[in-house]
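>>> Based on what follows, work out the 3D shape:
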Amino acid sequence: MYRRIIAVGDIHGMYDRFQSVYHKMDYEPERDFLIFLGDYIDRGPDSVKVLDWMLEHAGQKNVVILRGNHEQMLLDYADSGESGWGWLLNSGLSTLQAMKKSLFGWQKYLDFVHKLPCHYEIEQGGQRYFFAHAGVNPAKPLEQQTEDDLLWVREEYYNHYTGEAIIVGGHTPVQAVAEGQTTPILKKNLIMLDTGSFLRDGHISAIDVLTREFWQSD
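Residues are numbered from 1 along each chain as shown. Just a heads-up that it's a prediction; the model follows:
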């Protein structure tokens with residue numbers, strides 16, 4: 001049994017904001033479980049710093065790092081023989097340039113991102129928690145979700161999911177769902193944790209899914 005199961009929403013290259021919320025939540029590796037929901041890169045100025053932090057902590061006890069749709073776009077760009085412009089048009093160009101200048105080099109980041117899973121699930125206290133970057137397709141059982149579902153789903157998930165497992169995801173900024181919203185959206189069976197990390201009035205958010213206590217960056 002974990003003291004807390006903490007999920008962290010979209011970071012999008014906002015390293016200083018990430019460090020702010022990370023210190024606020026006071027993570028304890030021996031007692032807590034920590035899971036990151038993807039989208040570490042693009043939009044913000046420090047994608048490589050965020051990736052370096054993730055590389056340093058990958059494989060540590062009780063830490064899970066999931067893939068987001070922006071990491072998937074990076075992989076699709078690399079697999080396309082550098083002809084896939086979708087990622088570059090979504091803030092990927094500055095990320096690409098920074099990765100190629102890094103001491104680690106472009107390939108180190110590609111190899112890391114390629115190994116990231118698209119979902120994770122855990123049960124505690126008789127409750128099933130299912131983590132995925134975007135959410136799930138409510139028309140399918142959890143066991144039949146595709147990578148496309150887990151990385152890209154939006155309205156059909158947060159408007160129509162009625163399952164018993166609690167789904168924890170990011171991807172869609174809460175500001176796009178409810179006007180004036182800046183904190184996580186908490187429903188009985190889902191948690192939306194993208195609170196606009198790169199927006200002027202946005203934050204990076206983390207939440208203990210057991211108690212629903214949450215923390216936000218300055």
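>>> so residue 12 touches residue 45, yeah?
No: at 10.0 Å, residue 12 and residue 45 do not qualify as touching, with contact defined as Cβ atoms under 8 Å. Bear in mind the C-beta positions are built from the backbone N, C-alpha and C, glycine included.
>>> which one of these two has more residues nearby?
Using other Cβ atoms under 10 Å, the more surrounded residue of residue 12 and residue 45 is residue 12, with 28 against 14.
>>> The more buried one: what's it in contact with?
Taking Cβ atoms under 8 Å, 6 or more residues apart in numbering as the criterion, residue 12 is in contact with 39, 40, 41, 42, 43, 44, 47, 70, 197, 198.
>>> gap between residue 133 and residue 68?
Using Cβ to Cβ, to the nearest Å, one gets 4 Å for the distance from residue 133 to residue 68.
>>> Mutual contacts of those two, please.
Contacts common to residue 133 and residue 68, judged by Cβ under 8 Å, 6+ apart, are 37, 38, 39, 151, 170, 171.
>>> so which of those is the most crowded?
residue 170 (33 neighbours).
>>> number of nearby residues for residue 176?
A total of 12 residues lie near residue 176 under the criterion other Cβ under 10 Å.
>>> List the contacts of it.
Contacts of residue 176 by Cβ under 8 Å, 6+ apart: none found.
>>> thought residue 49 was touching residue 15?
Yes: counting by Cβ under 8 Å, residue 49 does reach residue 15; the two are 4.3 Å apart.
>>> any low-confidence regions in the protein?
Residues of the chain that meet the criterion pLDDT under 70 lie in 81-84.
>>> try it again with 90
Flagging of the chain using pLDDT under 90 yields the residue ranges 79-86, 88-91, 103-106.
>>> got the residue ranges for the strands in it?
Taking DSSP state E as the criterion, the chain contains strands spanning 4-8, 32-36, 63-65, 119-124, 127-132, 166-169, 185-186, 190-192, 205-208, 214-216.
>>> So for residue 142, which of those strands sits nearest?
strand 127-132 (5.7 Å; Cβ to Cβ).
>>> Flag every buried residue along the closest one.
For strand 127-132, the buried set under the neighbour-count rule, 16 or more other Cβ atoms under 10 Å, comprises 129, 130, 131, 132.
>>> do stretch 178-192 as well
For stretch 178-192, using 16+ other Cβ under 10 Å, the buried residues are 182, 184, 185, 190, 191, 192.
>>> What are the contacting residues of it?
Counting by Cβ under 8 Å, 6+ apart, residues outside stretch 178-192 touching it are 7, 9, 135, 157-158, 161-170, 172, 174-175, 177, 193, 195-196, 201-203, 205, 207, 209, 212, 214, 216.
>>> 6 Å instead?
Applying Cβ atoms under 6 Å, 6 or more residues apart in numbering, the contact partners of stretch 178-192 are 161, 166, 167, 168, 174, 175, 193, 205, 207, 212, 214.
>>> Turn the residues you listed into TSV, columns for neighbour count.
Formatted as TSV, the contacts of stretch 178-192 follow (neighbours: other Cβ atoms under 10 Å):
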residue	neighbour count
161	18
166	17
167	25
168	24
174	23
175	16
193	25
205	27
207	24
212	11
214	23
